[in-house]
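Enquirer: make a model of this:
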Amino acid sequence: MKSSYYSLVSRLFFFAAGILLLLAVWDWVLGWFGYRMTWLPYQPGRLLEFAAILVIFVMALLLRQIRDQLKQK
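Expert: So this is what the prediction gives:
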């Protein structure tokens, strides 16, 4: 049961990290043409930092799942 929660949370975090990555890249590309996404409160670099933090949590959850699977055997 706990494994399914970890899986759900890691998928949500990974999806959120992907969205943040896409927003950061899109804002960066728009910056080349002189446009900005003014509704975003953060610069593209900060969005990439948030995405990296979420991916670190995903890796930690995956390592915890691996550890739990190895303990069961």
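
Enquirer: contacts and neighbour counts: CA atoms only from here.
Expert: Will do.

Enquirer: and whichever helix or strand residue 13 is part of, which residues are buried?
Expert: Taking DSSP states H and E as the definition, residue 13 sits inside helix 2-32. Within helix 2-32, the residues scored as buried using 16 or more other Cα atoms under 10 Å are 6, 10, 13-14, 16-18, 20-25, 27-28.

Enquirer: any idea how far stretch 16-31 is from the chain center?
Expert: Stretch 16-31 has its C-alpha centroid displaced from the chain centroid by 12 Å (Cα atoms, centre = their mean, to the nearest Å).

Enquirer: over to stretch 53-62?
Expert: Computed by Cα atoms, centre = their mean, the separation of stretch 53-62 from the middle of its chain amounts to 8 Å.

Enquirer: residues of it that come out buried?
Expert: Neighbour counts over stretch 53-62 (16+ other Cα under 10 Å) mark 54, 55, 58, 61, 62 as buried.

Enquirer: ok, how many other residues are close to residue 35?
Expert: Using other Cα atoms under 10 Å, the number of residues around residue 35 comes to 11.

Enquirer: any idea how far residue 29 is from it?
Expert: From residue 35 across to residue 29, the span is 9 Å (Cα to Cα, to the nearest Å).

Enquirer: next: residue 23.
Expert: 10 Å.

Enquirer: any idea of the pLDDT on the residue nearest to the spatial centre of the chain?
Expert: The centroid of the chain falls nearest to residue 17 when counting by Cα atoms, centre = their mean (2.1 Å). For residue 17, the model assigns a pLDDT of 97.
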